[in-house]
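Enquirer: Generate a structure from the sequence data that follows.
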Amino acid sequence: MLGYTLPYYNRLSPADNRVYRRYYCEGCHHLKHDFGLRSTLTVNYDMTFNTILLNSIAGDVLDFEGTKSNFCVFREPKADSNLMRRMAAYTLILTKWELYDDDEDKPSLKSKAASAALSGAIAKAVESYPEYDRMVGEGFANLRSLEKQGCRDAVLMGRTFGEGLIGALRDIAGKYASDDLDNVFRQLSTVVYIMDAIDDLDEDFMDGTYNPFLPEEGFVNASQFRLKHVYELTEILNGEIGKLQESYSRVRPQMRANTGICDNIVYLGIPESAKKVMTGGSTAKTSVSNVLSNRKQRMSDGT
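Expert: Next up, the predicted model:
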């Protein structure tokens, strides 16, 4: 899968599952329609949740036809939604900066291939929404600055990452933007950052790249590290997930639809992702340098 913000499918009703799949596919359709087939490689669970939450509050297009074809990527969008078009562009702009960050950490053939494949789509998204590009780029610059300082505060790193994303999401929300909604996205980004850092301990150690949890010495492997620091890591994750749930509870009354889906993700799906990360059972890779190699798996993982 690509991302940690996905439903807990065992507790998702068939009706909500169909709606969730409809949103996931619609994100793919808007990417393909506006930015070309290759751009669909960037569709992910985290952005799908953001779209569902924003659309459920803004009510841009709450009811649209789902795709029933097995080759749905070739279908046109079913929702005439400016919000979804902006989310598609934002997804590509975020991808641009994630690829840039990967290249700064450790250039690889995988990241270069992803950059080459998506260059045209990313350029079009940046041209369409230069302010999103500027805001996200500044956020990544602030994150990079903390990395160069050797910051070991994973929560601060996550919040800094989240701050870089809020501006564009606030613009997409339009008149429905609020401090409470900002806090949801800030906390979600923090939780995702922390889970990703724990998930990537072995890879970052082998590559010699920054990770706020990696000790200066004595690291053997991720399994041993998680076992040794299980209470500390669990406390950090549970604390930030609790803050996310509290923030979400404040915006929930504003939602016009899809509370069942979002409740499932926030109260069940994200904690389940955290559990998998802590037990070493996660297969999530949020870095887009892994998009090409992980696409088949994430498309078969429940959606």
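Enquirer: can you pull the buried residues of the host helix or strand of Leu92?
Expert: Leu92 belongs to helix 82-105 when assigned by DSSP states H and E. By neighbour count on 16 or more other CB atoms under 10 Å, the buried set for helix 82-105 is 83-99, 101-102, 105. From N, CA and C alone the C-beta is placed, and that goes for glycine too.
Enquirer: helices and strands around the very next helix or strand once past that helix, which ones?
Expert: Proceeding N to C from helix 82-105, the next assigned helix or strand is helix 109-128, under DSSP H and E. Using 3 or more CB pairs under 8 Å, 6 or more residues apart in numbering; DSSP states H and E, the elements in contact with helix 109-128 are helix 14-35, helix 82-105, helix 130-148, helix 291-300.
Enquirer: in helix 109-128, what's buried?
Expert: Buried residues in helix 109-128 (16+ other CB under 10 Å): Lys110, Ser111, Ala114, Ser115, Leu118, Ala121, Ile122, Lys124, Ala125, Val126, Ser128.
Enquirer: centre of the chain versus that helix, how much separation?
Expert: 18 Å (CA atoms, centre = their mean, to the nearest Å).
Enquirer: Just want the angle from it to helix 14-35.
Expert: Helix 109-128 runs at 80 degrees relative to helix 14-35, counting by axes from the mean of the first three to the mean of the last three CA atoms, to 10 degrees.
Enquirer: Helix 130-148 and helix 109-128, what's the angle between them?
Expert: Using the same axes, to 10 degrees: helix 109-128 against helix 130-148 is 140 degrees.
Enquirer: can you give me the mean pLDDT across helix 109-128?
Expert: Per-residue pLDDT over helix 109-128 has a mean of 92.
Enquirer: I figured Thr40 hits Lys32, correct?
Expert: Yes. Using CB atoms under 8 Å, Thr40 is in contact with Lys32, at 5.1 Å.
Enquirer: between the helices and strands packed on helix 109-128, which gets nearest to Asp199?
Expert: For the helices and strands packed on helix 109-128, the distance to Asp199 is smallest for helix 291-300, at 12.8 Å, taking CB to CB.
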